[in-house]
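Q: what shape does this take:
(one chain, ligands or ions: 2)
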Amino acid sequence: MFDYLVVGAGLFGAVFAHEAIKRGKKVLVIDKRNHVAGNVYTENVGGINVHKYGAHIFHTSNKEVWDYVQQFAEFNRYTNSPIACYKDELYNLPFNMNTFSRMWNIKTPAEAKAKIDEQRAEALAALNGREPANLEEQALSLVGRDIYEKLIKGYTEKQWGRKCTELPAFIIKRLPVRFVYDNNYFNDKYQGIPVGGYTQIVEKMLEGAEVRLGVDFFKERESLVVSAKKVVFTGMIDEFYGYRFGELEYRTLRFETEDLPQENYQGNAVVNYTEAEIPYTRIIEHKHFEFGCQGGVATDHTVVTREYPAAWKHGDEPYYPMNDEKNNALFAQYKALAESEKNVIFGGRLGMYKYFDMHHVIAEALACAKKEVW
Ligand code: FAD
Ligand code: UDP
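A: Numbering: from 1, shown residues only. Ligands and ions are numbered 1, 2, ... in the order given. Alright, predicted model coming up:
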């Protein structure tokens with residue numbers, strides 16, 4: 001008999017399992033995939049750590065979380081600074097003095113502010129003091145029309161499959177706007193990539209657990225549930241309840257990966273393609289997350305991945321929850337059911353239906369473990 005059955009060997013499940021095992025609990029972890037680590041899984045391809053489910057950059061201002069992950073890997077000093085490509089024009093992201101100077105041929109912060117104020121005026125007047133009601137209003141009132149049209153609209157509509165006028169404003173609030181020449185994509189205190197990839201972190205977290213891969217909870221539900229006192233479920237909460245209130249919406253991605261016989265393809269880990277006409281949102285060149293030389297060994301080939309967003313349907317991986325009003329209201333119904341469960345805990349991006357980053361998921365899992373096993 002196990003104390004816990006953890007469904008999903010992603011970060012939430014692994015952190016919870018680790019904390020439970022540390023305190024003498026017996027833990028069974030299952031995952032329907034044939035590997036651990038969920039979406040942070042990295043695989044070594046000819047000396048390059050490939051982020052199989054999209055680029056993963058660790059960033060946080062939460063010192064407890066940062067200190068916590070250091071015990072499982074050494075993190076390098078990688079700072080995410082994506083390039084945006086719009087019709088062959090290249091811009092630095094996030095929106096900062098490098099972006100503004102390229103966009104408007106200006107030099108000083110005062111010139112940039114004046115230009116942005118001029119660009120935002122129309123949107124601010126239309127808002128007339130109220131909060132932006134959708135992503136388009138949010139973007140136009142933050143950075144104005146030029147940046148919105150060239151760097152936001154096409155990318156966002158590809159990514160989410162909806163018009164910016166039909167998307168929640170919070171999606172874009174994640175992006176900083178800075179009046180300094182600083183291409184760091186994040187505002188967080190700590191940032192880096194684990195040297196040697198993410199998979200080793202989860203493998204270490206799961207030491208001492210019984211791990212069964214290629215096991216879908218829903219195919220063996222009855223026998224699995226009786227094998228443990230409690231279940232920690234990190235899959236889709238609507239699936240857990242047989243979609244009884246309806247299906248939550250997700251976005252999925254198709255990854256197209258190529259191993260190229262050249263040393264350096266695009267000179268940066270992340271290049272975003274922001275125009276609507278190009279069907280992918282970004283190209284990742286994995287070796288640049290570890291400065292082109294994993295473990296001190298340079299490679300003469302390179303691995304690149306194009307990300308094509310798509311609407312989720314059954315059988316696809318549900319990468320992004322759609323946290324708009326309609327879906328959040330539906331989730332609230334499932335959450336009410338979840339709260340009445342005595343022996344099931346829901347966690348992670350799919351169990352809590354929230355657009356969490358890794359550091360959020362770790363913080364949530366630690367909070368959950370504190371309640372359960374500390
Ligand atoms: P997951 O990693 O999804 O793990 C859940 C696991 O449960 C999966 O392995 C799944 O196979 C398994 N499972 C589901 N249903 C079942 C079932 N029925 N039976 C058995 N197993 C099941 N965060 C950052 O901090 N920085 C980034 O740069 C970043 N980039 C991202 C890029 C992309 C493309 C995506 C999709 C996410 C990104 N994230 C990033 C977010 C990050 O991936 C998540 O916060 C984190 O991986 C979530 O962990 P989790 O354990 O909740 O979920
Ligand atoms: N975004 C954009 N242009 C870009 C990059 C991002 O408009 O070049 C917007 C887009 O709406 C996206 C959001 O900013 O969904 C958040 O971007 P981020 O890179 O943080 O998303 P993630 O890594 O989670 O896909």
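Q: can you list the weak-confidence ranges in the stretch 201-350 of the chain?
A: Within the stretch 201-350 of the chain, the ranges that satisfy pLDDT under 70 run 293-296.
Q: got the residues of it near ligand 2?
A: 272, 274 (CB under 6 Å from any ligand atom). Glycine gets a C-beta too; all of them are placed from N, C-alpha and C.
Q: check contacts around the residue in the stretch 151-300 of the chain that ligand 1 sits nearest to.
A: Per CB to the nearest ligand atom, residue 235 is where the stretch 151-300 of the chain lies closest to ligand 1, at 2.7 Å. Contacts for residue 235 (CB atoms under 8 Å, 6 or more residues apart in numbering) come out as 7-8, 217, 350-351.
Q: that one and residue 323, how far apart?
A: Plainly put, residue 235 is 18 Å away from residue 323 if you go by CB to CB, to the nearest Å.
Q: cool, residue 225 as well?
A: Residue 225 is 29 Å from residue 323, by CB to CB.
Q: ditto for residue 109
A: As for residue 109, its distance to residue 323 is 34 Å (criterion: CB to CB).
Q: thinking again about what came up before, tell me which of the contacts of residue 235 fall in helices.
A: Among the contacts of residue 235, the members found in helices (DSSP state H) are 350-351.
Q: if you rank the contacts of residue 235 by neighbours, which is first?
A: Counting neighbours by other CB atoms under 10 Å, residue 7 comes out on top of those with 29 neighbours.
Q: and it, what does it touch?
A: Contact partners of residue 7, counting by CB under 8 Å, 6+ apart, are 13, 30-31, 217, 224, 231-235.
Q: ok, now residue 2?
A: 26-28, 210, 227-229.
Q: may I have the phi/psi pair for the residue lying closest to it once chain neighbours are set aside?
A: Sequence neighbours aside, residue 228 is the residue nearest to residue 2 in space, at 3.9 Å (criterion: CB to CB, 6 or more residues apart in numbering). When read as degrees, to the nearest 10, the backbone of residue 228 gives phi -140, psi 160.
Q: tell me how many other residues crowd residue 228.
A: The number of residues packed near residue 228 is 19, by other CB under 10 Å.
Q: same check, this time on residue 262
A: Using other CB under 10 Å, the number of residues around residue 262 comes to 9.
Q: next one: the one 5 residues further on
A: Residue crowding around residue 267 was assessed by other CB under 10 Å; the count is 10.
Q: what parts of the stretch 1-150 of the chain come near ligand 1?
A: 7-13, 30-33, 38-40, 53-58.
Q: one more pass at 5 Å, please.
A: Neighbours of ligand 1 within the stretch 1-150 of the chain, by CB under 5 Å from any ligand atom: 8, 10-12, 31-33, 38-40, 54, 56-57.
Q: which two among those residues are spaced furthest apart?
A: 32 and 57 (26.0 Å; CB to CB).
Q: just the helices from the stretch 1-150 of the chain, written as ranges.
A: 11-22, 63-70, 97-104, 109-127, 135-143, 145-147 (DSSP state H, counting those that start in this stretch).
Q: mean neighbour count, those: which tops it?
A: A comparison of these by mean neighbour count, using mean count of other CB atoms under 10 Å, puts helix 11-22 on top with a mean of 26.
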